[in-house]
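> sequence unknown, structure follows:
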Ligand code: NAD
Ligand code: MG
């Protein structure tokens, strides 16, 4: 059970919802971090009085330290300071809510300090899942997923002492805003179209990933790493209503699922209270007024990112770091309206084709694969 937490990425969608939960639960804040949103960070610091505030953008850090001069919050700037926040001695739990692979080093540092990791930052597990999970085992640090699908699975395997009893995991997928479109139709969709998600309100990068289905591909890899299962035991099903958050099928045929309204406060709260459960002020799920729950196969032809992610998962080694690095850069280009929607899978496929896979990689080899993938997309 969390008592004092640090939030990496507190000004983002997950970060702000974590602060709601912290306020409701009366948790203390050790450190908050953000990239450049100074105004929002100032307001958060005045309200939550963390011991440390980090802005990874140096100019933003200077600005924030002037604004917070009358408070007790210490301000640091730069990427190395993320690790200071992640290892702050007052925190028992670190919520990793930054977007992208930049979360990797601070997450590893927090694990070495045996903090509980409430993990939202899936890119970290996609790039270096084996290293992260091995480090957590070695340090005895708990990793509790915040991603709604993985939290659902985590909840459905409580009480399962032997992972061999699991036949497969079924990750549900909303299908995103372009569900039902052909490859060509989706290719005409713009940044504004992609940012209109049917069920969830999230940061721009993950919202685009939901439209391409890369998000589900990243989640397949995240699930393989978290639960140490092969690709053959992780399936995806389209479930438009986002009520069933994921399912676990056991050897004896029993299928357990976790249901809830599409609201990230619940998985965030569970990552704080685990192994217990606490009161939640949000309105409960009302099954009598839910739309009918439907399930369908994903379309890997119109949305090649899911297939590309599964192929990278199958290839292992640095393939997933290449996939992720290429995707991060391609999504940035799409958000800047420099490339089209189907250029995202095209550029990811190009990086995967051009960059050789290194098996059993070191951290440095993973970082190198990430750099090579980004350079390939920008070439
Ligand atoms: P967001 O864009 O809303 O927020 C990102 C946060 O990270 C902000 O605080 C921002 O200041 C910070 N940040 C951005 N770039 C940074 C950089 N280069 N260095 C340091 N900090 C940086 O993103 P989000 O939607 O909250 O998602 C955060 C993570 O959680 C992602 O990995 C995402 O996949 C995962 N996630 C999000 C949701 C959701 O509902 N939003 C659900 C599941 C998983
Ligand atoms: Mg998810």
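In hand now; what should we look at? Every value quoted in this text rests on a predicted model; they were computed, and no experiment measured them. Ligands and ions are numbered 1, 2, ... in the order given.

> Apart from its neighbours in sequence, what residue is nearest the residue in the chain that ligand 1 sits nearest to?
Nearest residue of the chain to ligand 1 (C-beta to the nearest ligand atom) works out as residue 12 at 1.9 Å. For glycine as for every other residue, the C-beta is placed from the backbone atoms N, C-alpha and C. Spatial nearest neighbour of residue 12, excluding adjacent residues (C-beta to C-beta, 6 or more residues apart in numbering): residue 203 at 5.3 Å.

> cool, and residue 113?
residue 87 is the one closest to residue 113 (C-beta to C-beta, 6+ apart), at 4.9 Å.

> Count the neighbours of that neighbour for me.
Using other C-beta atoms under 10 Å, the number of residues around residue 87 comes to 19.

> The residue nearest to residue 12 reaches residue 13, doesn't it?
Yes. Using C-beta atoms under 8 Å, residue 203 is in contact with residue 13, at 4.9 Å.

> what's the neighbour count on the residue of the chain closest to ligand 1?
A count of nearby residues for residue 12, using other C-beta under 10 Å, gives 24.

> need the contact list for it.
Counting by C-beta atoms under 8 Å, 6 or more residues apart in numbering, residue 12 makes contact with 34, 97, 98, 99, 203.

> and those, which two are the farthest apart?
Using C-beta to C-beta, those reach their maximum pairwise distance at 34 and 203, which is 12.1 Å.

> higher neighbour count, these two?
Shown here are residue 34 and residue 203; by other C-beta under 10 Å, residue 34 has more neighbours (25 against 16).

> Who are the contact partners of that one?
Contact partners of residue 34, counting by C-beta under 8 Å, 6+ apart, are 9, 10, 11, 12, 15, 40, 41, 54, 55, 56, 60.

> Surely the third one forms part of a strand?
So the one you mean is residue 11. No. Counting by DSSP: H, G, I helix; E, B strand; the rest coil, residue 11 is not part of a strand but coil.

> Do I have it right that it meets residue 39?
No. With contact defined as C-beta under 8 Å, residue 11 and residue 39 do not form a contacting pair (9.2 Å).

> In terms of neighbours, single out the busier of these two.
Higher neighbour count among residue 11 and residue 39: residue 11, with 22 against 11, using other C-beta under 10 Å.

> who in the stretch 251-379 of the chain is up against ligand 1?
By the rule C-beta under 6 Å from any ligand atom, the part of the stretch 251-379 of the chain lying against ligand 1 is residue 264.

> Next, please give the residue ranges for the helices of the stretch 251-379 of the chain.
Applying DSSP state H, counting those that start in this stretch to the stretch 251-379 of the chain gives helices spanning 265-273, 304-315, 319-335, 343-354, 363-378.

> Pull the number of nearby residues for the closest residue to residue 103 other than its chain neighbours.
If the residues on either side of it in the chain are set aside, residue 103 comes closest to residue 121, at 3.7 Å by C-beta to C-beta, 6+ apart. As a burial measure, residue 121 scores 27 neighbours (other C-beta under 10 Å).

> Show me which residues of the stretch 201-350 of the chain sit near ligand 2.
Within the stretch 201-350 of the chain, no position is near ligand 2 by C-beta under 5 Å from the ion.

> Surely residue 278 is in contact with residue 266?
No. With contact defined as C-beta under 8 Å, residue 278 does not count as touching residue 266 (10.8 Å).
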